[in-house]
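Enquirer: give me the fold of what follows.
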Amino acid sequence: MSNNEKRHNDPGRAQVRRQQVLDAAAICFKRSGFHGASMSEISKAAGMSAGHIYNYFDSKDAIIAAFVEQNVERVSAILRDLEQRADPLKGLVDDAERSVADHVESDRIALQLEIWAEASRNPAIAAVVRDADLRSRTYFRNVLKAARERHQLDASDDAVDGLMEAVIAIFHGLHVRSIHNPGAGRPAIVAAVRNALRAMLFS
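Expert: Predicted coordinates:
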């Protein structure tokens with residue numbers, strides 16, 4: 001839970017209401033942008049009063065922090081699955097189609113871009129985003145390092161760090177490309193990403 005989220009006597013009910021606010025905020029942020037979406041607009045979309053929203057989140061910054069934390073949980077679940085496979089490197093290559101789809105079709109794309117834009121000008125959000133990235137990156141790094149050691153590939157800090165950043169950059173870049181060129185051929189992208197991952201991960 002974010003430090004700016006409120007504590008309640010009934011955590012289960014509070015979580016349902018928080019998610020109601022987040023679902024409404026996601027719609028508003030994607031439609032109007034972070035600064036264009038007011039708390040009153042979010043409250044209307046959530047079907048509750050603005051004052052009621054403040055029972056769950058102190059501010060729009062706190063709402064964004066909750067979105068960031070949800071994404072950390074999503075990424076952690078993907079990494080846990082990958083870590084448990086017999087060959088995580090092969091798993092990354094095999095999952096290329098699903099991973100590409102997740103980064104070019106998902107409803108999260110517009111919201112993710114809005115969060116990154118806010119992080120570029122808001123130090124508080126930048127700190128939240130960087131902390132989340134560090135946690136996800138650390139987990140991913142550990143999975144990559146162990147997998148490369150199993151394959152007797154270069155698992156030095158520099159090699160693993162560079163590989164990790166390059167893989168992340170491919171998928172983050174797909175967010176931007178999906179906005180610039182939404183009609184790009186999916187099968188060709190998947191094939192290219194799969195080839196790139198295979199070449200990078202096993203070299």
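
Enquirer: state the distance from residue 60 to residue 136.
Expert: Distance, residue 60 to residue 136, using C-beta to C-beta, to the nearest Å: 23 Å. (C-beta placed from N, C-alpha, C; glycine too.)

Enquirer: pretty sure residue 111 contacts residue 67?
Expert: Yes - counting by C-beta atoms under 8 Å, residue 111 does reach residue 67; the two are 6.5 Å apart.

Enquirer: how about the secondary structure of the residue of the chain positioned farthest from its centre?
Expert: Within the chain, residue 152 marks the point farthest from the mean C-alpha position, 30.5 Å out by C-alpha atoms, centre = their mean. At residue 152, secondary structure determined by DSSP: H, G, I helix; E, B strand; the rest coil is coil.

Enquirer: how about it, phi and psi?
Expert: phi 60, psi 40 (degrees, to the nearest 10).

Enquirer: go on, residue 57?
Expert: Dihedral angles (degrees, to the nearest 10) for residue 57: phi -140, psi 140.

Enquirer: tell me the bridge partners for it.
Expert: For residue 57, the beta-bridge partners under DSSP bridges are residue 5.

Enquirer: confirm that residue 27 sits in a helix.
Expert: Yes - under three-state DSSP, residue 27 falls within a helix.

Enquirer: before we move on, what's the pLDDT of it?
Expert: Per-residue pLDDT puts residue 27 at 92.

Enquirer: doesn't residue 45 make contact with it?
Expert: Yes - judged on C-beta under 8 Å, residue 27 makes contact with residue 45 at a distance of 5.6 Å.

Enquirer: how is this structure carved up into domains?
Expert: Per the record, the chain has its domains at 1-58, 60-201, by automatic domain parsing.

Enquirer: first to last residue in the longest one, what's the distance?
Expert: Counting by C-alpha to C-alpha, to the nearest Å, you get 39 Å between the two ends of domain 60-201.

Enquirer: same check, this time on stretch 150-160
Expert: Stretch 150-160: ends 13 Å apart by C-alpha to C-alpha.

Enquirer: I'd like the mean pLDDT over that stretch, please.
Expert: Per-residue scores along stretch 150-160 average to 97.

Enquirer: and if you look at stretch 50-69?
Expert: 92.

Enquirer: could you do stretch 183-196 as well?
Expert: Here the average pLDDT along stretch 183-196 is 95.

Enquirer: which residues sit against it?
Expert: Stretch 183-196 is contacted from outside by 93, 96-97, 99-101, 104, 170, 174, 177-178, using C-beta atoms under 8 Å, 6 or more residues apart in numbering.
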